[in-house]
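Undergrad: quick check, what structure comes out for this input:
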Amino acid sequence: MKIFIRLLAALILLCPRGVFGLDRFVVSEGQSVFGEIFYHTLSANETLLDVARAYDQGYNQIVLANPGLDPWLPPEGHPVLIPKKFVLPEGPHTGILINLPEMRLYYFRTEGRSLTVYTAPIGVGTEGKLTTEGVYTVYRKKERPYWHVPPSIREEDPSLPEVVPPGPENPLGNYALYLSRGAYAIHGTNKPWGIGRRVSHGCIRLYPEDIEALFPLVPVGTPVRVLYQPVKLGLKGDRVYLQVFPDIEGRVSEPMLQVIKMASRLERETGYNISLDLFRVRKALKNPNGVPQVVGRVK
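TA: As a prediction, the model looks like this:
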């Protein structure tokens with residue numbers, strides 16, 4: 001298994017990202033944790049941003065999972081943890097889910113008899129401009145979109161024109177999914193380094209290769225739920241996993257209480273008896289590195 005993962009990692013780095021696009025997983029009934037954690041060995045002149053994009057990770061994920069490692073000048077030969085294990089946000093698991101503090105998008109669809117999930121890192125709104133939580137709908141799709149610059153953005157930068165045509169200067173990239181409320185859209189970007197950061201005015205940005213893969217999969221009318229869940233709890237086999245990201249807006253006042261409530265909801269939904277190790281839960285909450293940790297068992 002370890003040899004297979006190393007070979008897969010090498011293949012991902014050798015092939016263009018457009019070949020792979022989004023990460024895709026089959027969601028098993030009663031299970032809400034998927035993927036694997038592995039390591040990548042840095043080569044000369046490789047930054048953490050290079051590694052993040054090669055493995056379809058955001059800047060936040062790769063930096064949180066590798067504390068103390070210089071993102072711009074990491075030492076050659078150093079192992080980099082690649083956190084490709086995910087705990088699903090709380091449902092319902094339909095359409096598109098956008099988890100703001102995690103800076104990640106999930107898209108659920110049925111393929112054959114299986115529920116599958118496609119996932120990708122995203123860039124989100126800067127302080128005071130985070131996308132409003134709630135339910136939206138994809139009401140329009142556009143390839144090679146024009147950017148009609150909002151007046152508020154032109155006030156910040158008067159040098160901007162009223163309309164930016166398709167091309168390398170267009171911050172929407174080559175594809176856009178327009179949402180039904182506000183001026184929000186899920187789109188590409190001409191600045192891939194912003195994925196996994198707070199960089200936008202409220203829109204959701206994806207790597208160019210991810211939005212290219214997502215665009216044809218998502219029909220008009222798809223529901224989009226924008227969530228704020230820095231703490232996620234899930235099951236895989238008989239293990240309970242906790243995945244914690246920084247509470248970027250300071251909205252969760254009692255995270256331990258939230259974990260206990262989430263465990264109670266999981267028990268009701270699955271019929272399992274969940275036993276939490278509160279020492280491990282506290283440790284994970286104090287170190288929100290985005291890497292799923294085992295914090296309990298299913299009895």
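
Undergrad: check for me that L64 belongs to a strand.
TA: No. Assessed with DSSP: H, G, I helix; E, B strand; the rest coil, L64 is helix; it does not lie in a strand.

Undergrad: got a list of what it touches?
TA: F245, P246, P288, N289, G290, V291 (C-beta atoms under 8 Å, 6 or more residues apart in numbering). The way it works is simple: take the backbone N, C-alpha and C, and place the C-beta from them, glycine included.

Undergrad: so where's the stretch 51-200 of the chain shaky on pLDDT?
TA: Within the stretch 51-200 of the chain, not a single segment meets pLDDT under 70.

Undergrad: in it, which spans are strands?
TA: For the stretch 51-200 of the chain, strands defined by DSSP state E, counting those that start in this stretch occupy the ranges 79-87, 95-99, 104-111, 114-121, 124-125, 134-143, 147-148, 163-164, 175-179, 185-187, 198-200.

Undergrad: out of these, nearest to D277?
TA: When the strands of the stretch 51-200 of the chain are compared by C-beta to C-beta, strand 79-87 sits nearest D277, at 16.4 Å.

Undergrad: in ChimeraX, how would I select just the buried ones from the contacts of L64?
TA: To isolate in ChimeraX the members of those that are buried, counting by 16 or more other C-beta atoms under 10 Å, one can use:
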select :245,288,289,290,291
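
Undergrad: the contacts of L64 in strands, which ones?
TA: Among those, no member falls in strands (DSSP state E).

Undergrad: to R265, which of the strands of the stretch 51-200 of the chain lies closest?
TA: When the strands of the stretch 51-200 of the chain are compared by C-beta to C-beta, strand 79-87 sits nearest R265, at 13.7 Å.

Undergrad: in which helix or strand does V224 reside?
TA: In this structure, V224 sits in strand 223-227 according to DSSP states H and E.

Undergrad: packing partners for the helix or strand just after that strand?
TA: For strand 223-227, the succeeding helix or strand toward the C-terminus, using DSSP H and E, is strand 231-236. Secondary-structure packing of strand 231-236 (3 or more C-beta pairs under 8 Å, 6 or more residues apart in numbering; DSSP states H and E): strand 33-41, strand 79-87, strand 239-244, helix 255-270.

Undergrad: surely V298 and E267 touch.
TA: No. If you go by C-beta atoms under 8 Å, V298 and E267 don't touch, sitting 9.3 Å apart.

Undergrad: who touches both of those two?
TA: The contact lists of V298 and E267 share N273, I274, where a contact means C-beta under 8 Å, 6+ apart.

Undergrad: ok, those two, which is more surrounded?
TA: The neighbour count for V298 versus E267, taken as other C-beta atoms under 10 Å, is higher for V298 (17 against 13).

Undergrad: what does the pLDDT read for F20?
TA: pLDDT for F20: 51.

Undergrad: picking that back up, each with direction, which strands does the strand holding V224 pair with?
TA: strand 95-99 (parallel), strand 134-143 (antiparallel) (DSSP bridges).

Undergrad: now it: mean pLDDT?
TA: So the average pLDDT for strand 223-227 ends up being 97.

Undergrad: in that strand, what's buried?
TA: So for strand 223-227, counting by 16+ other C-beta under 10 Å, buried means V224, R225, V226, L227.

Undergrad: what's the closest of the residues you listed to K236?
TA: Closest to K236 out of these is L227 (20.8 Å), distances taken as C-beta to C-beta.

Undergrad: ok, the closest one to L105 distance?
TA: 11 Å (C-beta to C-beta, to the nearest Å).

Undergrad: so what's in contact with the two at the same time?
TA: By C-beta under 8 Å, 6+ apart, the residues touching both L227 and L105 are L97, I98, N99.

Undergrad: if I pick the first one, what's in contact with it?
TA: L97 is in contact with P89, L105, Y106, Y107, F108, V224, R225, L227, counting by C-beta under 8 Å, 6+ apart.

Undergrad: wait, the second one touches F86, no?
TA: So that's L105. No. The criterion here is C-beta under 8 Å, and L105 misses it with F86 at 11.5 Å.

Undergrad: all set, thanks.
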